[in-house]
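J.: Predicted structure and sequence below. I'll ask about it afterward.
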Amino acid sequence: MGENEENNFKTPEGYFESFNERLMGKIRGEEETEKLSFLPKSDGFSVPEGYFQNLDQKMSSRLGDQETKVISLKTYRKYFYGAVAAAAVFLVIFGLNFNTETPVAFEDLASAEIDAYLESTELDLSSYELAEMVPIDEIEINDVVEEQLESENILEYLDENIEDIDELNLNFEDYE
Amino acid sequence: MQLLAEEALIDELKSPETRERAFGVLVNTYKERLYWHIRRIVLNHDDADDVLQNTFIKVYRNIDGFKGDSKLYSWMYRIATNESLTFLKQRSKKAGISDEELKTRMVENLQADVYFEGEEIQLKLQQALATLPDKQKLVFNMKYYQEMKYEEISEVLETSVGALKTSYHLAVKKIETYLKAD
């Protein structure tokens, strides 16, 4: 540990020796992740021996397999065309029949069916995506909260929770 | 990989005559880095192997759609991250359990995993990581154990460097509290 003769301040070992290197690293924009004493050096994961060496082979055989499958489809091409033709015939027959009837409209769906669909299907929509679809101007707070909020309740809540209610510039006449 | 070398590799990947050879180079260059990234999300070696292979297959199939707006490695890391998270989501759905329950089970299974050589402290670290939101866990692993720079992580996760620094510090604080408790 380095010690200054004139005072008792100390520097970590090798501080000045490695200073230039660290400074240049900083100038080049290299960042170093500070190692933390409470964390283990390694997180303990390992791989089977030779795993990475064999991976290339595994990959190329997997890709090879898949390409063979693509080629094999071609032999069924004539069946495929046949199936397409048959499907087209059915479509024309049924399509014509259906045209004579009234098409099913969104309104015909029972709301229970829509509810069931929404319940059972994971839509994975973010709140932004939902907000894009739902006309936000037409929604009142009472449409989304279960218990109806009366103006009085809101005012009471604000009175209890806001330090300076006057700052909200409420028009109190609306609530009288 | 240098930018010029990367551009040349992308051109080779897009051309049918050179695709196979270039893909070999790509797999060799990135297999280890992507593996460790995936492994730290799915924890188990066999699962990581599956997800890694699927990631490379996706890369191979979609290389024509790679626009070059970001670097090749960050595009691949993004695919690897999505594949890993989707894999976990599918697994919890199949087992009919919540994502949190799955994470707890994954850590419990580590104790019997032959490819996990961690001791008590490493196990506790994984328990701590399982309590973090996905994003904080990802940022922590990428920064601390994969030693990636904030700029690189920013490209992969499409998040600003400032937000990443906040996530990292929050993660470190939570892990420290967890490890130092009892």
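T.: Alright, I've got the coordinates.

J.: Point out where the chain drops to low pLDDT.
T.: If you meant another chain, say so; for now it's chain A. Scanning chain A for pLDDT under 70 picks out A:1-5, A:29-30, A:65-80, A:93-104, A:106-107, A:122-136, A:141-142, A:144, A:146-147, A:163-176.

J.: my question was about chain B
T.: Checking chain B against pLDDT under 70 turns up B:1-3, B:182.

J.: tell me the SS of the closest residue to chain A within it?
T.: At 2.4 Å from chain A, B:Gly118 is the closest residue in chain B, using Cβ to the nearest Cβ. No exception for glycine: its C-beta is placed from N, CA and C like everyone else's. What DSSP: H, G, I helix; E, B strand; the rest coil gives for B:Gly118 is coil.

J.: who's in contact with it?
T.: B:Gly118 sits next to A:Pro40, A:Ser42, A:Asp43, A:Gly44, A:Phe45, B:Leu110, B:Leu125, B:Gln126 when contact means Cβ atoms under 8 Å, 6 or more residues apart in numbering or on different chains.

J.: Count the neighbours of the closest residue to chain B within chain A for me.
T.: Residue nearest to chain B within chain A: A:Gly44 (2.4 Å; Cβ to the nearest Cβ). The local packing of A:Gly44 (other Cβ atoms under 10 Å in any protein chain shown) involves 18 other residues.

J.: what bridges to A:Lys10?
T.: For A:Lys10, the beta-bridge partners are A:Glu3 (DSSP bridges).

J.: tell me, how many neighbours does it end up with?
T.: Counted with other Cβ under 10 Å, A:Lys10 comes out at 11.

J.: all helices for chain B, in order.
T.: B:3-14, B:19-42, B:45-62, B:72-95, B:99-110, B:120-130, B:134-140, B:150-157, B:161-180 (DSSP state H).

J.: Give me whichever of the ones you listed is most buried.
T.: helix B:134-140 (a mean of 21; mean count of other Cβ atoms under 10 Å in any protein chain shown).

J.: Need the nearest residue in space to the residue nearest the centre of chain B, chain neighbours excluded.
T.: In chain B, the residue lying closest to the centroid (Cα atoms, centre = their mean) is B:His37, at 3.2 Å. Nearest non-adjacent residue to B:His37, counting by Cβ to Cβ, 6 or more residues apart in numbering or on different chains: B:Ala80, 5.6 Å away.

J.: who's in contact with the one you found?
T.: B:Ala80 neighbours (Cβ under 8 Å, 6+ apart): B:Leu34, B:His37, B:Ile38, B:Val51, B:Leu52, B:Thr55.

J.: Domain-wise, how is chain B divided?
T.: B:1-97, B:118-182 (automatic domain parsing).

J.: got the residues of chain A near chain B?
T.: Counting by Cβ under 8 Å from any Cβ of the partner chain, chain A comes close to chain B at A:30-31, A:33, A:36, A:38-40, A:42-48, A:51-52, A:55-56, A:58-60, A:62-63, A:66, A:122.

J.: Take the helices of chain B and write them to TSV, including distance to A:Ile114.
T.: Supplementary listing: the helices of chain B in TSV, determined by distance: least, Cβ to Cβ, whole Å:
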stretch	distance to A:Ile114
helix B:3-14	45
helix B:19-42	36
helix B:45-62	34
helix B:72-95	22
helix B:99-110	27
helix B:120-130	37
helix B:134-140	31
helix B:150-157	36
helix B:161-180	37
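
J.: For A:Pro40, see how far away the closest residue to B:Asn141 other than its chain neighbours is.
T.: Distances taken as Cβ to Cβ, 6+ apart place B:Arg40 nearest to B:Asn141, at 4.4 Å, with adjacent residues excluded. Plainly put, B:Arg40 is 14 Å away from A:Pro40 if you go by Cβ to Cβ, to the nearest Å.

J.: next one: B:Gly24
T.: From B:Gly24 to A:Pro40 the distance is 35 Å (Cβ to Cβ).

J.: what does B:Ala95 give?
T.: In terms of Cβ to Cβ, B:Ala95 sits 30 Å off from A:Pro40.

J.: and what of A:Arg62?
T.: 35 Å.

J.: do A:Met24 as well
T.: Between A:Met24 and A:Pro40 the computed distance is 30 Å (Cβ to Cβ).

J.: same question, A:Leu55
T.: Counting by Cβ to Cβ - A:Leu55 and A:Pro40 are separated by 27 Å.

J.: Comparing the two, which shows the higher neighbour count?
T.: Per other Cβ under 10 Å, whichever of A:Leu55 and A:Pro40 has more neighbours is A:Leu55, with 20 against 17.

J.: isn't the more buried one right next to B:Glu32, touching?
T.: No. Counting by Cβ atoms under 8 Å, A:Leu55 sits too far from B:Glu32 to count as a contact (9.1 Å).

J.: contacting residues for residue 35?
T.: The chain I'm using is chain A. A:Lys41.

J.: Chain B, not that one
T.: Contacts of B:Tyr35 by Cβ under 8 Å, 6+ apart are A:Val47, A:Phe52, B:Ala48, B:Asp49, B:Leu52.

J.: at 7 Å what do you get?
T.: B:Ala48, B:Leu52 (Cβ atoms under 7 Å, 6 or more residues apart in numbering or on different chains).

J.: Please apply the same query to the one 4 residues further on.
T.: Under the criterion of Cβ under 7 Å, 6+ apart, the contact list for B:Arg39 reads A:Phe45, B:His45, B:Ala48.

J.: Redo those as JSON lines? Include distance to B:Ala171.
T.: Listed next are these as JSON lines, based on distance: Cβ to Cβ, whole Å:
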{"residue": "A:Phe45", "distance to B:Ala171": "18"}
{"residue": "B:His45", "distance to B:Ala171": "24"}
{"residue": "B:Ala48", "distance to B:Ala171": "21"}
